[in-house]
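Undergrad: Sequence and predicted structure, then a few things I'm wondering about:
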Amino acid sequence: MTTYTDVFGGTNIYPSDVSYLGFNLTSTDVVLAWPLETNSNTDAYDYVAARIMNVNSTGTSRKVYLPAANQASVGECFLFNNTGNTNFTVVGSTGTTICNVGAGQLWQVYMTSNSTAAGVWSAYQFGATTSTANAGALAGAGLKAITTTLNQALTVTTLNSAYTIGTNDRAVFFNWTGATGTISLTAAVTLGSDWFCYIRNSGSSNITIDPNSSELINDEATLTIAPENSCLLICDGTGFYTMGLSQTGASSFDYLAIDVSGTGNYTLSTFELNRVSYNLFGTLTGNRNIIVPATVQQYWITNATTGSFTLTVKTSAGTGITVPQGEAQILYCNGTDVVQGQTSAGISTPIPIADGGTGATTASGARVNLGGTSTGIALFTAADAAAGRTAIGAIGADEAADIAIIYAVALG
């Protein structure tokens, strides 16, 4: 290549299109620069980008950085020929992997977008006896290229106000940090049957996940995620489901009121399961069975229904427990059937005096056992004042009046 000298500065003046460059890649990465009028290459690791570059790669895990894409036009291209014996990686100006050039390989790299410094670069390998996939070109949502391999990657997006999740949010981890709010979902048919994302509530109040239109999430119209809880949200093309929905912190004990009006079997839905405490209300039109899964779980049941019919909590194949109206019971499923979690064997009578009882099962027996005498008992059970005076042997009112008269006459 013919070079020209700047008569003022004494440095080389490069043409706008440098055809060839050869350099060694050993212990330090190389940063390429666009050809400038007075680029002197005083920095040993700052090279002019050429159309064809022979790279003698002998270092370990070395990189060649391309110039900033927003300083040139789309269509700029380079051919890298690895004449050394170790691999090296071609990366964008911000470090994004474009391709990995193995020993003896040739790779063409060209720019398709210059809207940012990183730009968008494509790469393909020149003909060889064998060819390997370009990890950088294959990386998509939830994946990133690290040298020659594809690796899982989660992009964290912080939310604190209403947001609608869309197709570009595939594999994104949403971290909610606000108070009460709603995260809406784009239509399931638009997101597709293999779309997914992650959601965590790191905020101070419950958040609501609201599917599009009449679509459901876990067979319910909406999903509430309490603080400190998280889940993997999956779309099947028609609705949404969660995996690993946690129940931590204050929400580990939950309460749910359900209108169970009607008759026959009422099977708890996915949303209604594992809520621990249930207030069952509504008008029964016939005997009602609340069907729970045959898995180990506890159920605190309050029967607040109306109607002269029974309410029984049971598994589909079990006999269950009937909870009377107006009562509350602690039940649990042992994996087969629903049984009582507490006993009510009653109290043995009579209760001894030493235990705070009377030692008797009748009122008269209790009075005697507690030390009552015949006079005391007669006085205690007297119906009126006259009977009370009789019980203690006192004179009546008429007798008292006669005695008073006699006493007065005597004193005369």
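TA: Received it, and whenever you're ready, just let me know what you need. Residues are numbered from 1 along each chain as shown.

Undergrad: Can you give me the pLDDT of the residue nearest to residue 284 when sequence neighbours are not counted?
TA: Of all residues not flanking residue 284 in the chain, residue 307 sits nearest, at 3.6 Å (Cβ to Cβ, 6 or more residues apart in numbering). Bear in mind the C-beta positions are built from the backbone N, C-alpha and C, glycine included. Looking at residue 307, its pLDDT reads 94.

Undergrad: Any stretches of the stretch 301-412 of the chain with poor pLDDT?
TA: 343-347, 379, 391, 394-397, 399-400, 402-403, 407, 412 (pLDDT under 70).

Undergrad: Can you report phi and psi for residue 281?
TA: Torsion angles at residue 281 (phi, psi; degrees, to the nearest 10) stand at phi -130, psi 180.

Undergrad: wait, it sits on residue 288?
TA: No. Counting by Cβ atoms under 8 Å, residue 281 does not reach residue 288; the two are 11.6 Å apart.

Undergrad: and the residue nearest to residue 284, how many neighbours?
TA: 17 (other Cβ atoms under 10 Å).

Undergrad: so who does it touch?
TA: Residues in contact with residue 307, defined by Cβ atoms under 8 Å, 6 or more residues apart in numbering, are 283, 284, 285.

Undergrad: Tell me the secondary structure at residue 368.
TA: At residue 368 the chain is in helix, as set by DSSP: H, G, I helix; E, B strand; the rest coil.

Undergrad: That one: neighbouring residues, count only.
TA: By other Cβ under 10 Å, 16 other residues sit near residue 368.

Undergrad: Tell me which residues touch residue 58, please.
TA: 24, 25, 26, 84, 85, 86.

Undergrad: would you turn these into a markdown table with pLDDT?
TA: Written out in a markdown table, the entries for the contacts of residue 58 read as follows (pLDDT from 0 to 100):
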| residue | pLDDT |
| --- | --- |
| 24 | 94 |
| 25 | 94 |
| 26 | 92 |
| 84 | 93 |
| 85 | 93 |
| 86 | 94 |
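
Undergrad: Let me have the residues you listed in CSV, extended by secondary structure.
TA: Compiled in CSV, the contacts of residue 58 are given as follows (three-state DSSP):
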residue, secondary structure
24, strand
25, strand
26, coil
84, coil
85, coil
86, coil
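
Undergrad: Could you identify the buried members of the residues you listed?
TA: 24, 25, 84, 86 (16 or more other Cβ atoms under 10 Å).

Undergrad: Just the helices from this structure, written as ranges.
TA: Applying DSSP state H to the chain gives helices spanning 135-138, 188-191, 363-369, 374-380, 385-391, 397-411.

Undergrad: out of those helices, which comes closest to residue 116?
TA: Residue 116 lies closest, by Cβ to Cβ, to one member of the helices of the chain: helix 135-138, at 16.0 Å.

Undergrad: Okay, buried residues for the closest one please.
TA: 135, 136.

Undergrad: Counting by contacts, list what that helix packs against.
TA: Packing partners of helix 135-138 (3 or more Cβ pairs under 8 Å, 6 or more residues apart in numbering; DSSP states H and E): strand 97-101, strand 120-125, strand 143-146, strand 149-152.

Undergrad: Pick the most buried one from those strands.
TA: Counting by mean count of other Cβ atoms under 10 Å, strand 97-101 has the highest mean neighbour count of these, with a mean of 25.

Undergrad: and the nearest residue to residue 369 once chain neighbours are set aside, how far is that from residue 327?
TA: Excluding the flanking residues, the one nearest residue 369 by Cβ to Cβ, 6+ apart is residue 359, at 4.5 Å. Note on residue 359: its distance to residue 327, by Cβ to Cβ, to the nearest Å, is 32 Å.

Undergrad: if I pick residue 127, what's in contact with it?
TA: Residues near residue 127 by Cβ under 8 Å, 6+ apart: none.

Undergrad: Show the pLDDT at it.
TA: Note on residue 127: pLDDT of 75.

Undergrad: Hmm, residue 79 is touching residue 55, no?
TA: No. Counting by Cβ under 8 Å, residue 79 does not reach residue 55; the two are 10.5 Å apart.

Undergrad: These two - which one has more neighbours?
TA: Using other Cβ under 10 Å as the criterion, residue 79 and residue 55 rank with residue 55 on top: 22 against 16.

Undergrad: Which residues are in contact with that one?
TA: So residue 55 contacts 22, 23, 24, 25, 64, 80, 81, 82, 83, 84, 88, 101 (Cβ under 8 Å, 6+ apart).

Undergrad: try 7 Å
TA: 23, 25, 64, 80, 81, 82, 83, 84, 88 (Cβ atoms under 7 Å, 6 or more residues apart in numbering).

Undergrad: pull the helix or strand with minimum mean pLDDT from the chain.
TA: Between all helices and strands in the chain, the lowest mean by mean pLDDT, DSSP states H and E belongs to strand 4-5, at a mean of 50.

Undergrad: hey, C-alpha coordinates of stretch 277-287 in PDB?
TA: Output of stretch 277-287 as PDB, limited to C-alpha atoms (Å, rounded to 0.1, in the frame of the first residue of the first chain):
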ATOM      1  CA  SER A 277     -58.600 -20.400  55.700                       C
ATOM      2  CA  TYR A 278     -61.900 -20.400  53.800                       C
ATOM      3  CA  ASN A 279     -65.200 -18.600  54.500                       C
ATOM      4  CA  LEU A 280     -67.900 -20.500  52.500                       C
ATOM      5  CA  PHE A 281     -71.100 -18.500  52.000                       C
ATOM      6  CA  GLY A 282     -74.100 -18.400  49.800                       C
ATOM      7  CA  THR A 283     -77.500 -20.100  49.600                       C
ATOM      8  CA  LEU A 284     -77.500 -23.900  49.400                       C
ATOM      9  CA  THR A 285     -80.300 -25.400  47.200                       C
ATOM     10  CA  GLY A 286     -79.200 -29.000  48.000                       C
ATOM     11  CA  ASN A 287     -76.500 -30.900  49.800                       C
END
